[in-house]
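Visitor: coordinates for the following, if possible.
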Amino acid sequence: MYFRGVALVCLVSALAPVHGWNELPVHVYFDEESEHPLIEIRQMDIAVEGGQFKAEITGSDPSFQIPVMAEEPVMVTMRMRSGEGTYDRMEIFWRTPSDRNFSHDRTAMFPLEHDMEWREYQFPLPVVEGPVILRFDPGWKPGLMEIDWIRIEANPLPDELKSGMEALPESVAIENEFLSVTLTPRSAKFDILDRRTDRRWRLDPEKLQSRIVGVNKTGDDSVELMLVDLGDHTIYQSNVSLREGSLHFTLSSENSEALFWGLRHWPPTIKSDFNDGRIVFVDRSSGTLIDQHDPYYAGRDLTIYGNTQGADMPIVALFDWESGDGVLLLAETPTDGHFVLGDRSADLIWPRIRWRQSLDTFRYTREFSYRFSPSGKYVGLAELYRDYAEEVGRRKTLREKAEKTPHLDNLMGGALIWGSTDVEDFIAEARTRGILRAGLGNASHGLRDRTNGLPR
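Guide: The predicted structure follows:
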């Protein structure tokens, strides 16, 4: 028999009250007669039979939650099986009591096998916030899922990595003619001075789920960092270097099969003190200018080269409208990159990069840069991207393209127009208004059969 929204389980290490903050280690076995730490069971018809938690998933977003006290990273081990319709991965979220909602800033995904064979899965989580609520989403389609037991225990860093953190210098400085950067390794904070404007920038590591465990200054304008993912303890290397007016980051690892969750927000979010902060990005072929208080875009996730609600260029510009200086956020390896436009609950939008896994793992080196412009508002920042595109061979003018494809001459001087009106009627009217060349977007939506006026 299944019971909608009711679970009966026994918390063996009953060190906290039911539905309270369960102290680690937490061992969950299922018993038909006992209380339970699982809360907020959603989109599942459940039962406890034979000492096992059995769930028939009824929707596309099933979940259950366990509140725990996690002062350091945790390892969740779960003996479970799934199949007969269930799909994709186990996604685990966590949030603190002060968070309004669960967020993709605090989540990790893990592959599952859906063949109804029992397996012990391990889910390392970079949780260090103290009391948190863990939310388990075991699939994205209706189907069957069964759990034999759950164990949640501390997963501390190895002693050698802790020793590396204790030996870190108080600060490390790099500089060139344009920029001066001071890194505080133990907090992963960067303080940046643009010598051309005297503006101070800072990189806020609030979203990081990793720690710096080694520093090697490789030159006056570069430093090599060793970082550890607090979840699975994978070691990453990041080369941080100054290149004229830009601060460049790489992120690599010898373990290309790493899960890659703790370093998703590397490098840290950039911030400054603006008089009138503005943000520019290209969303669905349209240049979008917003202020930092914009309620519509706050918290939005722009997939680079995505379809709807995507960033059609691998950049976001952030600048002060009054002074005209700013910074260009440039994903130099744009595949699997997202720009997150701050947090809905924050007073100001501070855009940041969020990397995704590639086929469920880290797989390849990521590159990202902050490129600073001393003036020109968004025009000055656009010129920085044009210079970068030319530097890497991606900039080609229409005239250069027309040398290989002559009919492109017809595009020169033409306006780009988007609409869904009848194309032939529009062309006829446009000519009378002096528009002789144009590129029409979405034109197929406005094509009509000239004999009957119906869409075609």
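Visitor: next up, phi/psi of Ala402, please.
Guide: Backbone torsions of Ala402, given as degrees, to the nearest 10, read phi -70, psi -20.
Visitor: relative to Glu71, how far out is the nearest residue to it once chain neighbours are set aside?
Guide: Nearest non-adjacent residue to Ala402, counting by CB to CB, 6 or more residues apart in numbering: Leu408, 4.2 Å away. Heads up, the C-betas are built off the backbone N, CA and C, glycines and all. Counting by CB to CB, to the nearest Å, the separation of Leu408 from Glu71 is 62 Å.
Visitor: got it, and Glu424?
Guide: Per CB to CB, Glu424 is found 69 Å from Glu71.
Visitor: one more: Phe426?
Guide: Distance, Phe426 to Glu71, using CB to CB: 64 Å.
Visitor: which of these two has more residues huddled nearby?
Guide: Phe426 (18 against 14; other CB atoms under 10 Å).
Visitor: which residue ranges of the stretch 301-450 of the chain form helices?
Guide: In the stretch 301-450 of the chain, the segments counted as helices under DSSP state H, counting those that start in this stretch are 377-391, 398-402, 423-432.
Visitor: and for the shortest one, what are the contacting residues?
Guide: Meaning helix 398-402. Helix 398-402 is touched from outside by Leu408, Asp409, Leu411, Met412, with contacts defined as CB atoms under 8 Å, 6 or more residues apart in numbering.
Visitor: what's the burial count for Ile427?
Guide: When neighbours are counted by other CB under 10 Å, Ile427 registers 13.
Visitor: mind starting the numbering at 171 from now?
Guide: OK, 171 is where the count begins now, so the last one is Ile597.
Visitor: so what pLDDT did it get?
Guide: pLDDT, Ile597: 80.
Visitor: and the gap between it and Leu499?
Guide: Ile597 is 40 Å from Leu499, by CB to CB.
Visitor: now the contacts of helix 568-572 in CSV, with neighbour count, distance to Phe532 and pLDDT?
Guide: CSV is the format used below for the contacts of helix 568-572 (neighbours: other CB atoms under 10 Å; distance: CB to CB, whole Å; pLDDT from 0 to 100):
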residue, neighbour count, distance to Phe532, pLDDT
Leu578, 14, 40, 84
Asp579, 13, 46, 82
Leu581, 14, 41, 80
Met582, 11, 44, 82
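Visitor: which one among those residues gets closest to Pro544?
Guide: Met582 (32.4 Å; CB to CB).
Visitor: so how far is Ile587 from the closest residue to that closest one other than its chain neighbours?
Guide: Spatial nearest neighbour of Met582, excluding adjacent residues (CB to CB, 6+ apart): Leu568 at 5.6 Å. Separation of Leu568 from Ile587 (CB to CB): 17 Å.
Visitor: with Thr567 instead?
Guide: Distance, Thr567 to Ile587, by CB to CB: 21 Å.
Visitor: ok, now Arg249?
Guide: Distance of Arg249 to Ile587, computed by CB to CB: 60 Å.
Visitor: just Gly604 next, same as before
Guide: 14 Å.
Visitor: neighbour count winner among these two?
Guide: More crowded of Gly604 and Ile587, by other CB under 10 Å: Ile587, with 15 against 6.
Visitor: now do the longest strand along the chain: distance to the chain's middle.
Guide: The longest strand of the chain (DSSP state E) is strand 313-324. Counting by CA atoms, centre = their mean, to the nearest Å, strand 313-324 is centred 27 Å from the centre of its parent chain.
Visitor: and His418, bridged to which residues?
Guide: Going by DSSP bridges, His418 is paired in beta bridges with Ser411, Ser539.
Visitor: just to check, it is in contact with Tyr558?
Guide: No: His418 is beyond contact range of Tyr558, at 11.0 Å (criterion: CB atoms under 8 Å).
Visitor: if we can go back for a sec, who does the longest strand of the chain pair up with?
Guide: If you go by DSSP bridges, strand 313-324 pairs up with strand 196-199 (antiparallel), strand 222-227 (antiparallel), strand 244-253 (antiparallel).
Visitor: so which bits of it are buried?
Guide: Neighbour-count burial for strand 313-324 flags Gly313, Leu314, Met315, Glu316, Ile317, Asp318, Trp319, Ile320, Arg321, Ile322 (criterion: 16 or more other CB atoms under 10 Å).
Visitor: which residues does the fifth one bridge with?
Guide: Beta bridges link Ile317 to Phe223, Met250, judged by DSSP bridges.
Visitor: how many residues are close by Ser493?
Guide: Neighbours of Ser493 under the rule other CB under 10 Å: 15.
Visitor: and Glu560, by the same measure?
Guide: 11.
Visitor: distance check, the closest residue to Pro484 other than its chain neighbours against Ser422.
Guide: Distance criterion CB to CB, 6+ apart; nearest residue to Pro484, sequence neighbours excluded, is Pro504 at 3.7 Å. Distance of Pro504 to Ser422, computed by CB to CB: 17 Å.
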